[in-house]
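In: what follows is a predicted protein model with its sequence.
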Amino acid sequence: MLAHTRVRPAPFVPELRLHLADDSLELWEVTQVAVDHGEIPPPFWAFVWAGGQAVARHLLDHPETVGGRRVVDIATGSGLVAIAAKVAGATEVTAYDVDELAIAATRLNARLNNVTLEAVVADVRDVDPVDAIVTVGDVFYDERIAAVMLAELSRLARAGARVLVGDPHRAYLPRDQLEVIASYEVDVETDIEDAPVKPAVVARLCG
């Protein structure tokens, strides 16, 4: 992880610094053999994605969204949104990801930004209903994953959580089930996206 990343600001959330990959192609090539053998997931934790950056930006600009509340961040990746929630005043933040390396990256990045949070290796299906703000970014890029995420996030919303989704209009975004609360033009890195700026929304999932 440390061999293939360096500390630098997130493009759209420069207040926060993360361990990020400089050469996405090299990192993906290094991990591809292990990915193909099912040993580790792709290194999503080494990059900041448009949807997550939109949610992080929204929380920092509108700290009343999470101030004094518990936050649960699903598919945390680098931990960007979880860290932003804590900086914005959340009393308790738990970050979940199925990838152990993502959880390790989240812990490293939390320490880098001088925040304390809990990071847990777990699937969204393992998350119990909570009276909390639930955040998730960039999970509607794949049909199978999107279906699982929508079902589980809807379960949490019906149980009383306020579910906030960040997404740059990926193919499987459930637009008819979302209430858009903010729109952004997000600065991204062109080696992982098809343009230097991606339009993205932050929206509440209607349970």
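Out: Yep, that arrived.
In: use CA for all of it now, contacts and neighbours both
Out: OK.
In: can you tell me which helix or strand of this structure has the lowest average pLDDT?
Out: Of all helical and strand segments in the chain, the minimum by mean pLDDT, DSSP states H and E falls on helix 24-36, at a mean of 65.
In: next, residue 16: secondary structure please.
Out: Assigned by DSSP: H, G, I helix; E, B strand; the rest coil, the conformation of residue 16 is strand.
In: ok, the spatially closest residue to it that is not a sequence neighbour - contacts?
Out: Spatial nearest neighbour of residue 16, chain neighbours left out: residue 9 (5.7 Å); criterion: Cα to Cα, 6 or more residues apart in numbering. By Cα atoms under 8 Å, 6 or more residues apart in numbering, residue 9 lies in contact with 15-18.
In: report the separation between residue 9 and residue 109.
Out: For residue 9, the distance to residue 109 (Cα to Cα, to the nearest Å) stands at 11 Å.
In: quick one: common contacting residues for those two?
Out: Applying Cα under 8 Å, 6+ apart, one finds that residue 9 and residue 109 are jointly contacted by 17-18.
In: ok so, going back, by neighbour count, which of the contacts of residue 9 wins?
Out: In terms of neighbours by other Cα atoms under 10 Å, these top out with residue 18 at 26 neighbours.
In: that one bridge partners, please.
Out: Beta-bridge pairing of residue 18 under DSSP bridges involves residue 8.
In: and the gap between it and residue 116?
Out: Separation of residue 18 from residue 116 (Cα to Cα): 15 Å.
In: residue ranges for the strands of the protein, please.
Out: Assigned by DSSP state E, the strands in the chain fall at 6-10, 13-20, 70-74, 92-97, 118-121, 133-137, 162-167, 178-187, 197-205.
In: so which of those strands comes closest to residue 47?
Out: Comparison of the strands of the chain against residue 47 by Cα to Cα identifies strand 13-20 as nearest, at 5.6 Å.
In: below-threshold pLDDT in the chain: ranges please.
Out: For the chain, applying pLDDT under 70 flags the ranges 24-25, 28-40, 190-191.
In: quick one, longest helix in it?
Out: Longest helix of the chain, by residue count under DSSP state H: helix 143-158.
In: in that one, what counts as buried?
Out: 146, 149-150, 152-157 (16 or more other Cα atoms under 10 Å).
In: and it, what does it pack against?
Out: strand 162-167, strand 197-205 (3 or more Cα pairs under 8 Å, 6 or more residues apart in numbering; DSSP states H and E).
In: thank you kindly, that will do.
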